[in-house]
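Colleague: Based on what follows, work out the 3D shape:
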Amino acid sequence: MTLRFSVLASGSTGNAFYIESEKEKILVDAGLSGKQIDRLFQEINIDPSKLTGILVTHEHSDHIKGLGIVARKYNLPIYANEKTWKAMERSIGKLTTDQKFHFGMEEVKTFGDMDIESFGVSHDAAEPMFYTFHHDNKKVALVTDLGYVSERIKKTVEDADAYIFEANHDVSMLRMGRYPWNVKRRILGDSGHVSNEDCGLALTDIISNRTKRIYLAHLSLDNNMKDLARMSVESVLQERGIKIDLHDTDPNSPTSLYEVV
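Modeller: Numbers count the residues shown, from 1 in each chain. Have a look, this model is predicted:
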């Protein structure tokens, strides 16, 4: 087995991502209740008591809602950067000192047989960062919750076998929608979220012949639809002569375990 992963849940209501190698079973974010996270693991036939650790991207509640509960229940170590620890400490409740670990930004850490690289993103949180996962010459990139995709990020995530990439909103739906203007401005701004079209444009710069699969993630419930996101991203890619399978993610049900081959 090389890398296998499932997008357990993705969207503005809650996010969780699972990835495993022969030796490691890692959860990234726990933005749903402990009960829901257990149910999602059950649906992909993975036993959460076998997890080896939890990585955190940032302190927004749709990424840490069940973090403390899951960590305490299964006695798991949590990895986050210093500013994120400070920002989330109150929300996640008591943990023992041997559950708290530091994972700095722009750092590569080795977990058993997996190398994990963190990279900073532009989002309105304390110090948000996401990850690429490396094992056996395979690479998976998790890229959501960012206002724009910088050249530095493109360099870090380019040439991956699989992407979980943000396609948060359709710009017209957002502009016409019911959100107050200050919220719209936040989402459209440099510290907000990536639109369908910007997702497509970023992907054209980073995918390569080895890229087999792309999951469109963190779709807004109010300002996007799965079909619309897929069509928008597809048309940007096709204009540039790129044909690749795009896959949906969901806020309530996990994607089936995918093995990177």
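Colleague: Tell me who's in contact with I19.
Modeller: The contact partners of I19, by CB atoms under 8 Å, 6 or more residues apart in numbering, come to L3, R4, F5, I26, V28, M114, F133, V140. All C-beta spots, glycine's among them, are computed from the backbone N, C-alpha and C.
Colleague: hey, what's it bridged with?
Modeller: I19 has the following beta-bridge partners by DSSP bridges: F5, I26.
Colleague: quick one on the thing from earlier: most neighbours among the contacts of I19, please name it.
Modeller: Highest neighbour count within the contacts of I19: F133, with 28 neighbours (other CB atoms under 10 Å).
Colleague: so is that one in a helix, a strand, or just coil?
Modeller: strand (DSSP: H, G, I helix; E, B strand; the rest coil).
Colleague: how about the strands of the stretch 101-250 of the chain, start to end?
Modeller: Using DSSP state E, counting those that start in this stretch, the strands assigned to the stretch 101-250 of the chain run over residues 108-111, 114-120, 129-135, 138-143, 162-166, 213-217, 246-248.
Colleague: Packed most tightly, which of these would that be?
Modeller: Of those, the one with the most neighbours on average (mean count of other CB atoms under 10 Å) is strand 162-166, at a mean of 27.
Colleague: Note down every partner strand of it and its orientation.
Modeller: If you go by DSSP bridges, strand 162-166 pairs up with strand 138-143 (parallel), strand 213-217 (parallel).
Colleague: In which helix or strand does E259 reside?
Modeller: Using DSSP states H and E, E259 maps to strand 258-260.
Colleague: What lies in contact with that strand?
Modeller: Outside strand 258-260, the residues within contact range by CB under 8 Å, 6+ apart are M1, T2, L3, R4, F5, S6, K138, V140, D161, A162, K212, R213.
Colleague: Next, report how far it is displaced from the centre of its chain.
Modeller: 16 Å (CA atoms, centre = their mean, to the nearest Å).
Colleague: for that strand, what is the average pLDDT?
Modeller: If you average the pLDDT over strand 258-260, you get 97.
Colleague: Next, the buried residues of it.
Modeller: Within strand 258-260, the residues scored as buried using 16 or more other CB atoms under 10 Å are Y258, V260.
Colleague: and of the strands paired with strand 162-166, who's closest to R175?
Modeller: Taking CB to CB, strand 213-217 is the member of the strands paired with strand 162-166 nearest to R175, at 20.3 Å.
Colleague: Let me see the mean pLDDT of the closest one.
Modeller: Averaged across strand 213-217, pLDDT comes to 98.
Colleague: could you dump that strand to CSV, C-alpha only?
Modeller: Presented in CSV, the C-alpha positions along strand 213-217 are these (Å, rounded to 0.1, in the frame of the first residue of the first chain):
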residue,chain,number,x,y,z
ARG,A,213,-7.3,12.8,-9.2
ILE,A,214,-8.7,16.1,-8.0
TYR,A,215,-11.3,16.6,-5.2
LEU,A,216,-13.1,19.9,-5.1
ALA,A,217,-13.4,20.9,-1.5
